[in-house]
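okay, here's the prediction I keep looking at, along with the sequence it came from:
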Amino acid sequence: MGESPQSQTPRIGRDAGTPGAVVIGGDYLGLGIVRSLGRHGIPVCVIDDERNIARWSRYTTHRVRVVNLRDPERAIDALMETGRRLELDGWVLYPTRDETVAALSSHRDQLSTIFRVPVPEWDVVRWAWDKENTYELAASVGVPTPRTWYPEKESDLDQIDADPPYALKPGVKERFFYATGAKAWRADDRAQLLDLFRQATAVAGPGEIMVQELIPGGGDQQVAYNAYCREGRPVASLTVQRRRQHPPQFGRASTYVETVELPELEAQSARLLAEIGYEGLVELEYKRDPRDGVCKLLDFNARAWGYHSIAQKAGVDFPYLLYADQIGRTVEPGHARAGVRWVRLVTDTPTALLQLARRELRLRDYLASLRRVNTEAVFSRDDPLPFMAEIALLPYLMVVRGF
């Protein structure tokens, strides 16, 4: 399952003239970026406000702990101070959280005095930041979405002309997610809808909660389109199906993913991204509706995604593509091949145990899925310390992130 160094790839020497990369967030997503770039000989600085596993990677050059990356102003100040102190002129920034993307997008001019900032302008990022904007954009280009309502007050719930169950979720997820640890809540009847709406509004604020029809089926009905785009066109792309996610109902993260061929997803995703001239890394999350077979857009993430390291095994190295493009190197178009499988064991194991207990998964099917894995999110034979660090940090991760 572990990855090995990509010796077939030309390496960039670690000399003083080589621009490096700053990975903002050192969890398994950030670790994947660190390894991708480090195996190409690119120096990497990891900056985080939490304990993280990427700092233990052999490919991490600088390790910086700051007080707060959630507050935009403090995050920008920390980046600027780090860039000046470590002389990171021309280094490429890699955000791993949505709030960091928003901060970088809003402060591009300031950050560009030191760094390369491969994040779109705010007039593009805003379409991903707020789901109401996302669904407006999708409707304008004919990309299907679940039926969605935007109640301002409790009486507006009476206008919802659909039967339960419903999903309640915030338009902007950050405050709600950090307060509740959930992406969405499920309501199985009208009374529960009212009760949860009151609770959700108390957390996110008035006018911030949407109600959505709950598409039937589990997390294994979720698919995604991932790409590196330039001027609204995909340079490299990847389509996947989630086999398991954590938690099973409204997954905060994938735990087992497989690359698949989904031409219809590629076509509609490319149409949406072209409409706003999107630049950079992107993930568009969909769920296939078994009632009509249509993939309906759920989320728009303007950054790298948790399982991006699957692409390196499937023939596309997204972090390096972005880096190469930023420093003016030739970037060859590509599409990831199907049939490659990725797992994150520390979250997939409890997810599978829960599904086994509910008889939603058979033991032999689970064991067979593990035998087919091509790459694990953290474990790597050539870089073993992050995996050991993750095991040691599990109690901390349970408290801070719920897994």
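Good, I have the coordinates.

and Lys153, how many neighbours?
Per other C-beta atoms under 10 Å, the neighbour tally for Lys153 reads 10. For glycine as for every other residue, the C-beta is placed from the backbone atoms N, C-alpha and C.

now swap in Val331 and tell me
17.

I'd say it and Tyr323 touch.
No: in this structure, Val331 is not within contact of Tyr323 by C-beta atoms under 8 Å, at 9.7 Å.

the helices in the chain, which residues?
28-38, 72-86, 98-106, 108-111, 122-129, 131-141, 173-180, 190-204, 263-275, 310-313, 318-326, 345-357, 363-371, 385-401 (DSSP state H).

using a markdown table, lay out those together with mean pLDDT, mean neighbour count and distance to His246.
Shown next, in a markdown table, are those (pLDDT from 0 to 100; neighbours: other C-beta atoms under 10 Å; distance: least, C-beta to C-beta, whole Å):
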| stretch | mean pLDDT | mean neighbour count | distance to His246 |
| --- | --- | --- | --- |
| helix 28-38 | 98 | 27 | 12 |
| helix 72-86 | 97 | 17 | 26 |
| helix 98-106 | 97 | 22 | 18 |
| helix 108-111 | 97 | 15 | 33 |
| helix 122-129 | 97 | 19 | 22 |
| helix 131-141 | 97 | 17 | 21 |
| helix 173-180 | 86 | 17 | 14 |
| helix 190-204 | 96 | 16 | 21 |
| helix 263-275 | 96 | 18 | 23 |
| helix 310-313 | 95 | 24 | 16 |
| helix 318-326 | 97 | 23 | 22 |
| helix 345-357 | 93 | 18 | 4 |
| helix 363-371 | 96 | 12 | 14 |
| helix 385-401 | 83 | 15 | 10 |
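
out of those, flag the one nearest Gly293.
helix 263-275 (9.8 Å; C-beta to C-beta).

just the CA coordinates of the closest one, formatted as PDB?
Taking Å, rounded to 0.1, in the frame of the first residue of the first chain, the C-alpha atoms of helix 263-275 are listed here in PDB:
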ATOM      1  CA  PRO A 263     -17.700  11.200 -18.900                       C
ATOM      2  CA  GLU A 264     -21.000  12.800 -18.100                       C
ATOM      3  CA  LEU A 265     -19.500  14.200 -14.800                       C
ATOM      4  CA  GLU A 266     -16.500  15.600 -16.700                       C
ATOM      5  CA  ALA A 267     -18.700  17.400 -19.200                       C
ATOM      6  CA  GLN A 268     -21.000  19.100 -16.800                       C
ATOM      7  CA  SER A 269     -18.100  20.000 -14.400                       C
ATOM      8  CA  ALA A 270     -16.000  21.500 -17.200                       C
ATOM      9  CA  ARG A 271     -19.000  23.600 -18.200                       C
ATOM     10  CA  LEU A 272     -19.400  25.000 -14.700                       C
ATOM     11  CA  LEU A 273     -15.700  25.800 -14.300                       C
ATOM     12  CA  ALA A 274     -15.500  27.400 -17.700                       C
ATOM     13  CA  GLU A 275     -18.400  29.800 -16.800                       C
END
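
ok now that helix, how far from the chain's centre?
18 Å (C-alpha atoms, centre = their mean, to the nearest Å).

longest strand anywhere in the chain?
If you go by DSSP state E, the chain has its longest strand at strand 233-246.

centroid residue for this protein?
The centroid of the chain falls nearest to Trp305 when counting by C-alpha atoms, centre = their mean (2.9 Å).

that residue against Tyr225, yeah?
No: if you go by C-beta under 8 Å, Trp305 and Tyr225 don't touch, sitting 10.4 Å apart.

joint contacts of these two?
Shared contacts of Trp305 and Tyr225 (C-beta atoms under 8 Å, 6 or more residues apart in numbering): Glu283.

before we move on, back to that, show me which residues of the longest strand of the chain are buried.
For strand 233-246, burial by neighbour count (16 or more other C-beta atoms under 10 Å) applies to 234-246.

ok, so of those, who is nearest Thr180?
For the buried residues of strand 233-246, the nearest to Thr180 is His246 (15.4 Å; C-beta to C-beta).

OK, contacts around the closest one?
Contacts of His246 (C-beta under 8 Å, 6+ apart): 252-253, 255, 347-348, 350-351, 403.

do that again at 10 Å, thanks
Applying C-beta atoms under 10 Å, 6 or more residues apart in numbering, we find His246 in contact with 219, 252-256, 344, 346-352, 354, 402-403.

mind listing the residues bridging to the residue nearest to Ile160 when sequence neighbours are not counted?
Nearest non-adjacent residue to Ile160, counting by C-beta to C-beta, 6 or more residues apart in numbering: Trp149, 5.1 Å away. Listed beta-bridge partners, Trp149: Val211 (assigned using DSSP bridges).
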